[in-house]
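K.L.:
Predicted model and sequence follow; I will ask about them next.
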Amino acid sequence: MLIFPSIQIRDGRSVFTVRGEPGTEHGYPSDPVLLARLWRRENAKALHIVDHDAIASGQPCNIDALRAIVLAEDVRIPIQICGGIRTYEHARALLVDVGVDRIVLTTAAIEHPGLIERLVADFGATKIVAGYEVRGRRLCAGSGTRSYDLPPAEYAALLKRTGILRVLYTDLDAVEARTILDLQRAAAFARDTGFTMTLGGAVWSYPDLKAAQEALPRRIDSVVLDRPLYENNFACQAVWRKIERRLIEKGTLLPDASQGL
């Protein structure tokens, strides 16, 4: 099970900051580039970035920060991004000009399937992911701010016609209630549609992670984690925080720790 630490950007800064050892609060950055370095140092194999500014504007945002993450020599892992990608030009800018490895489209996948089909044709199915947000049994987008009458089965059939192979599956009820998602329903969706799936959160602990891993091996192969990682919900993180406390005390946690981050 591949874990994507999520870096959520709003107004150029991370929405979440890692909770460190007491007394080290200022050692953990809200700078997205420095956070990318921190997660890579903690052995992340890929990163998921949510651009809330792009969601709000529908335009490319935080391009310099995204490019800096992609080009950072001490990161150099696949970068997946989502948020406000509704045009071909925006998608191309991220994939070609910035150089991210994969983009996730949710609103566009529902409202403009022709765009998804074009992107898959031009960049390949491994580069394009369709977001699938559900609340109850209702299809949503925009983190639940929009809902649609399109039945899930019809949406899945629509996605198949575009050539999509992977779906980012988010159970909004479970995310908001901070409970594990309905894994049986998620596994049934993957099994019935044939899509490979990344879970969009609602996995809060190591037992949850194991349950997700066992739900449908190979079809459900990855999970995006934000708050659980920032809150140190996994046992191995206690070791990392203790090591980082020592680095913070020495002033060597991050390249610009001396600047108060």
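P.N.:
Thanks, I have it. Numbering: from 1, shown residues only.

K.L.:
I'd like to know the average pLDDT value across the longest helix along the chain.
P.N.:
Secondary structure of the chain per DSSP state H: the longest helix is helix 236-250. For helix 236-250, the mean per-residue pLDDT is 88.

K.L.:
now stretch 123-131
P.N.:
Here stretch 123-131 scores 96 as its mean pLDDT.

K.L.:
And for stretch 87-106?
P.N.:
Mean pLDDT, taken over the full extent of stretch 87-106, equals 96.

K.L.:
Run through who's touching it.
P.N.:
The set of residues that contact stretch 87-106 without belonging to it, under Cβ atoms under 8 Å, 6 or more residues apart in numbering, is 46, 49, 54, 59-60, 63, 66-67, 70-71, 78-82, 84-86, 108, 115-116, 118-119, 123, 126-133, 141-142, 168. For the C-beta atoms, the positions are set from N, CA and C on the backbone; glycine is no exception.

K.L.:
Take those residues and keep only those in helices.
P.N.:
With helices defined by DSSP H, the entries of the contacts of stretch 87-106 inside them are Ala54, Ile63, Leu66, Arg67, Val70, Leu71, Ala108, Leu115, Ile116, Arg118, Leu119, Phe123.

K.L.:
so which of the residues you listed is the most crowded?
P.N.:
Scoring those on neighbours with other Cβ atoms under 10 Å, the highest-scoring entry is Leu66 at 27 neighbours.

K.L.:
how much space between it and Gly12?
P.N.:
Taken as Cβ to Cβ, to the nearest Å, the spacing of Leu66 relative to Gly12 amounts to 11 Å.

K.L.:
and if you look at Trp39?
P.N.:
Here the criterion is Cβ to Cβ. By it, Trp39 lies 18 Å from Gly12.
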